[in-house]
Every structure is written in structure tokens, then in C-alpha cells.
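K.L.:
With the input below, show me the fold.
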Amino acid sequence: MSSADWPAEVSLGGIFQPEENSSLVNASLVYGAYCTSDAHMGDRGAEDGTFGWHFRGASVVRALLLDLVETHGLARSELATTLVFGGASAGARGAMIHLDYVRRILPAKADVRLFGFLDSPLWIDLPPLTPQFPGFQEVTKGVLNLANVTHLDTGCEGVYPEERWKCIFAEFRLAFLQTQFLLVASQYDSYQLRMNTGKETPPTSAAELDLAAHLASSTLQVAHSLETPGRFIFCPACFNHAVSEDDRFTRIKTDSDNVTTMSKSLEIGLKSLFENILVCNGRCLNVSHFIHPKMLQNQENENHFISSWYDTCDGFACSSLCG
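P.N.:
Below is the predicted model:
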């Protein structure tokens, strides 16, 4: 993959065209395109062990952030700065890896409120149906071995010392993130199903539909396990993948309330960041490190609101709200 043939300008939609009432409407928008074939994770130059390829995704991310700081004034204002750091698909997997490390690149005294936007990083470790695809576990092991990925999180490495690949695999790594984030994960993620079945079209055979059902149930299980204050989950029963850069960003909803779109869920996450509001589903325990001290005095009030949205319908891609 190379940037040599990229056009000078690109037209972007979805999250890059925020609505008039959005918190992002006056934000500076930065698009970091993808050309490093390592999900923005690697830091290894070309050599025999890389088959002559460079894997410099992490270097590109660092350079981008440093340029924003040094050239464009990111986090250098006397006022607080809000930084939404994220991506879609491979970009989301890279953002997941670097999210807790971003502050190390920013000025030490910068007043920065950091929030992660992770659209479709959640690979699930399932055996593929097609022999042409080795499976996401093997792909991930290859990236780890080939690209010199370093931001593995010491906590994750402590839990999985013999399976370090899990520390760049969202099914396992997301639980270790300390920074607040919104996770977008379609229950019937079309990229995973296409890779695991070897076909571009939706599943039709019994084996394919069984795989899809396992993907959906596992996605929901992981998503529910992440429900702690400061984390936001948007999990529709759709057959799609990484659609935050088109108009479905403002149209997809779930049957949990038939109102909240992906864009609205991001707004709610940012609202909690701006106003130090306690956000959780049900009872909140041991969450003082996520909230402003003044909120501890009054936790049984209107400051509790929903932080996750799921479709609960049955059957493959059963939602009628996929945009």
C-alpha cells in the first residue's frame, strides 16, 4: 500500500460533516489516511524480515500528532482542548492501541479532554469457514511479529504474557483502556463475515448463518462486559462495517430507544466529558476516578443516563434501523 497515487483533496462525509447542532460543528477536523498496512500500529523499517516493506503506522500517528501540536497549536491554548481521537476499521484498531498513549505526545501541562471514537475495531476470534483465510487470530499474530507493535499495555501483557497478540485484538484489549471512548460494533459485522465465509454476499447456508449468530452473540457479550462508567457502546444488529464516514453516521439507530443515532451517542459521550457527568447503566460502583468530586454528593439524580444502545431483535441483520 502506498500514498503515491493519492489525490490532493478528498471529499469526506459522516463524522466529517457534522450537523449544525453537533459539538463538532466548529471543530478542527483532521483526517489521517491509511497507507502503512499495519492498522497504524507498527514501527519497523524495511528489511529482510519484513520482505522489504516498511511498517511505520505508529510513527505516522506520532508525526501527525506532533505536527498538530507544533504547527497548528493543538493543546497549546490557555483554554481546555477537547481531542476526539479515533478511526474506522483498521483506523479504529490503531486508535485503540494508541489511545492511552496520546497524552505522552501532547505538551505536559496541556489541559486536554481526550475521548476515543472507535468505529468497528471489534474483531471476534472465531474459526473461519473458508480455508483461504487463516482467521483473525493468525492475522493478528502476523502483524505483531512483523510490524514491531509496542503499545501493548503493560496490564494486558501481564494478563496474557504468553498470548501477547491478544493485546492488539479488540476482543481482549478494549477492557484495558483507561481513556473514555465510544465503541461502535455492528453485531453482524460485514467485514468479519466476508473474510470468514470467503464471500461478499450475506450468509445464506446453515453453516454461514450459524457463524453469523456466533459473531453476533460474541459481539454482544464483549460489549456488555465493557459497560463501565466512561465507556459508551453502540451495537446495532446490522450487516455493515465502519460506516461513520457516510450519512449512516446520522441515521443508524437501535431498538433500545429508536431515537439515538451513532452521532447522537457520540454527542452523549462528549457531553459526559464536558460536564463531568456520571454515566452508567443501572447501579454505579467504585467510579470516583471517572467523575468530578461534586457529583459524588448526588448520584441518585438526573445525571444518570443511558450509555449503551443495543438491538435486541432476533435473526440475521434483523434491525430495520440500519439507515
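K.L.:
Strands along this protein, start to end?
P.N.:
81-88, 112-119, 181-184, 231-235, 308-310 (DSSP state E).
K.L.:
tell me which residues in the first one are buried?
P.N.:
It stands for strand 81-88. Thr81, Leu83, Val84, Phe85, Gly86, Gly87, Ala88 (16 or more other Cβ atoms under 10 Å). (Each C-beta comes from the backbone N, C-alpha and C, glycine too.)
K.L.:
now the first one: how far from Ala110?
P.N.:
So that's Thr81. 7 Å (Cβ to Cβ, to the nearest Å).
K.L.:
before we move on, what about the third one?
P.N.:
Distance of Val84 to Ala110, given as Cβ to Cβ: 15 Å.
K.L.:
Now the phi/psi pair for the residue nearest to Ser3 when sequence neighbours are not counted, please.
P.N.:
Spatially, and ignoring its direct neighbours in sequence, Ser3 is nearest to Cys35 (4.3 Å; Cβ to Cβ, 6 or more residues apart in numbering). Dihedral angles of Cys35 (phi, psi; degrees, to the nearest 10) stand at phi -140, psi 10.
K.L.:
Cys35 against Trp53, yeah?
P.N.:
No. Applying Cβ atoms under 8 Å, one finds Cys35 not in contact with Trp53, separated by 11.5 Å.
K.L.:
Between those two, tell me which one has more neighbours.
P.N.:
Legend: neighbour count by other Cβ atoms under 10 Å for Cys35 and Trp53, higher for Trp53 (18 against 15).
K.L.:
Which pLDDT does the model give the more buried one?
P.N.:
Trp53 is assigned 82 on the pLDDT scale.
K.L.:
ok now do it, which residues does it touch?
P.N.:
Counting by Cβ atoms under 8 Å, 6 or more residues apart in numbering, Trp53 makes contact with Ser37, Ala46.
K.L.:
try it again with 7 Å
P.N.:
Ala46 (Cβ atoms under 7 Å, 6 or more residues apart in numbering).
K.L.:
Any stretches of this structure with poor pLDDT?
P.N.:
Applying pLDDT under 70 to the chain flags the ranges 1-2, 276-305.
K.L.:
Could I get the full set of helices for it?
P.N.:
With helices called from DSSP state H, the chain shows them at 57-70, 90-98, 136-147, 154-159, 170-173, 190-197, 206-225, 262-275.
K.L.:
on that earlier part again, farthest pair within the buried residues of strand 81-88?
P.N.:
Thr81 and Ala88 (22.8 Å; Cβ to Cβ).
K.L.:
re earlier: can I get the buried residues of strand 81-88 in TSV with distance to Glu267?
P.N.:
Putting those into TSV (distance: Cβ to Cβ, whole Å) gives the following:
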residue	distance to Glu267
Thr81	18
Leu83	16
Val84	11
Phe85	17
Gly86	14
Gly87	19
Ala88	18
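K.L.:
Name the nearest of those residues relative to Phe316.
P.N.:
Ala88 (22.9 Å).
K.L.:
thought the closest one was touching Arg248?
P.N.:
No. Between Ala88 and Arg248 there is no contact under Cβ atoms under 7 Å: 11.5 Å.
K.L.:
Can you work out which residues contact both of Thr81 and Ala110?
P.N.:
With Cβ under 7 Å, 6+ apart as the test, Thr81 and Ala110 both reach Ala75.
K.L.:
Would you confirm that the residue nearest to Ser3 contacts Gly42?
P.N.:
No. Cys35 lies out of contact with Gly42 (Cβ under 7 Å); the separation is 12.0 Å.
K.L.:
Not counting its own residues, what contacts stretch 116-124?
P.N.:
With Cβ under 7 Å, 6+ apart as the criterion, stretch 116-124 contacts 84-89, 92-93, 95-96, 99, 136, 169-171, 179-186, 189, 192, 215, 218-219, 222, 241-242, 244, 266.
K.L.:
Mind giving me the ChimeraX command for buried ones among those residues?
P.N.:
Command for ChimeraX that selects the buried part of the contacts of stretch 116-124, burial taken from 16+ other Cβ under 10 Å:
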select :84,85,86,87,88,89,92,93,95,96,99,136,169,170,171,179,180,181,182,183,184,185,186,189,192,215,218,219,222,241,242,244,266
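K.L.:
Bridged to Phe117, which residues?
P.N.:
Gly86, Leu182 (DSSP bridges).
K.L.:
How many neighbouring residues does it have?
P.N.:
Phe117, neighbours per other Cβ under 10 Å, totals 25.
K.L.:
next one: Leu12
P.N.:
11.
K.L.:
From Thr150, how far out is it?
P.N.:
30 Å.
K.L.:
Check Gly42 too.
P.N.:
Gly42 is 9 Å from Thr150, by Cβ to Cβ.
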